[in-house]
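# Sequence isn't available, so here's the structure alone:
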Ligand code: SF4
């Protein structure tokens, strides 16, 4: 675990979520893709409070199985405030009229469909939960459980040090359903255009933007591509 100081020092998983909920109340939110491992963080957050707002960024490019799984987890976990946000339709019509931007400029597509809508949705929130983990690699190896993002919000990663094997154990222990595509060989699940079967225990995100050098959509970075400081 990375050494931290401040009010959240030493906290991870549900205790970190509980401390943030105590301090931020309804200004705490969770951003979820309802992907392969999403149920772990959603379950932990629901165990703290089922009304913690959950933001799902609908790119219009998700697998139907993800929408099905979202509905299933909402029902199972009793989530009471899931907010679906999407790109501005006028921006979409101008910037990607044919819906093919992902093939020609995936950074612009992610910015349009994910980064911009999420940034709007986060207005007013003081703390954000995300489910990233160090074992996913691709630049996440040194992930801090708590950072300050580009907008001055607390950015919390309660599962930062969660070992790969613990994800499966958590699903088992809490009898959580798998995303339907996991059984078809998908280890990490995003948009249809940019997600392929595959991935390994060592590199579970290998099926995302496969055969390109892209490995993040940009929602975890500020406009300048960096967080401003860590260790809150
Ligand atoms: S993951 Fe692909 S389809 Fe989805 S927003 Fe990014 S580039 Fe577009």
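On my side now, so go ahead. Remember, predicted model here, so these are calculated numbers, not experimental data.
# Return the distance of the most centrally placed residue in the chain relative to residue 73.
Taking Cα atoms, centre = their mean as the criterion, residue 32 is the residue nearest the geometric centre of the chain, at 4.3 Å. Counting by Cβ to Cβ, to the nearest Å, the gap from residue 32 to residue 73 is 9 Å. Backbone N, C-alpha and C define where each C-beta goes, glycine included.
# which neighbours do those two share?
By Cβ atoms under 8 Å, 6 or more residues apart in numbering, residue 32 and residue 73 have these common neighbours: 38, 42.
# sorry, back to before: quick one, what contacts the closest residue to the residue nearest to the centre of the chain other than its chain neighbours?
Leaving out its chain neighbours, the residue that sits closest to residue 32 by Cβ to Cβ, 6 or more residues apart in numbering is residue 38, at 5.0 Å. Contacts for residue 38 (Cβ under 8 Å, 6+ apart) come out as 32, 73, 131, 179.
# Looking at these, which are in helices?
Per DSSP state H, helices hold the following members of the contacts of residue 38: residue 73.
# from the contacts of residue 38, which single one is nearest the ligand?
residue 32 (15.3 Å; Cβ to the nearest ligand atom).
# from what I can see the closest one touches residue 56, true?
Yes. If you go by Cβ atoms under 8 Å, residue 32 and residue 56 touch, sitting 6.0 Å apart.
# Relative to residue 37, how far out is residue 170?
9 Å.
# Of those two, give the one with the bigger neighbour count.
A count of neighbours by other Cβ atoms under 10 Å puts residue 37 above the other of residue 170 and residue 37, at 27 against 19.
# Now the more buried one. Nearest residue, chain neighbours left out?
Nearest residue to residue 37, sequence neighbours excluded (Cβ to Cβ, 6+ apart): residue 167, at 5.3 Å.
# Contacts only, for the one you found.
With contacts defined as Cβ under 8 Å, 6+ apart, residue 167 is in contact with 37, 40, 133.
# Next, count neighbours for the last one.
Read that as residue 133. Neighbourhood size, residue 133 [other Cβ under 10 Å]: 24.
# Could you verify my assumption that it touches residue 158?
No. Residue 133 lies out of contact with residue 158 (Cβ under 8 Å); the separation is 9.9 Å.
# Would you mind listing what in this protein touches the ligand?
Within the chain, the residues that sit near the ligand (Cβ under 6 Å from any ligand atom) are 59, 61, 102, 106, 109-110, 113-114, 190-191, 193-194, 217.
# Rebuild the residues you listed as JSON lines, extending it with secondary structure, neighbour count and pLDDT.
Listed next are the residues of the chain next to the ligand as JSON lines, based on DSSP: H, G, I helix; E, B strand; the rest coil; neighbours: other Cβ atoms under 10 Å; pLDDT from 0 to 100:
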{"residue": "59", "secondary structure": "coil", "neighbour count": "23", "pLDDT": "96"}
{"residue": "61", "secondary structure": "coil", "neighbour count": "17", "pLDDT": "96"}
{"residue": "102", "secondary structure": "helix", "neighbour count": "20", "pLDDT": "92"}
{"residue": "106", "secondary structure": "helix", "neighbour count": "18", "pLDDT": "90"}
{"residue": "109", "secondary structure": "helix", "neighbour count": "24", "pLDDT": "94"}
{"residue": "110", "secondary structure": "helix", "neighbour count": "23", "pLDDT": "93"}
{"residue": "113", "secondary structure": "helix", "neighbour count": "25", "pLDDT": "95"}
{"residue": "114", "secondary structure": "helix", "neighbour count": "23", "pLDDT": "94"}
{"residue": "190", "secondary structure": "coil", "neighbour count": "23", "pLDDT": "91"}
{"residue": "191", "secondary structure": "strand", "neighbour count": "22", "pLDDT": "94"}
{"residue": "193", "secondary structure": "helix", "neighbour count": "15", "pLDDT": "89"}
{"residue": "194", "secondary structure": "helix", "neighbour count": "20", "pLDDT": "89"}
{"residue": "217", "secondary structure": "coil", "neighbour count": "24", "pLDDT": "74"}
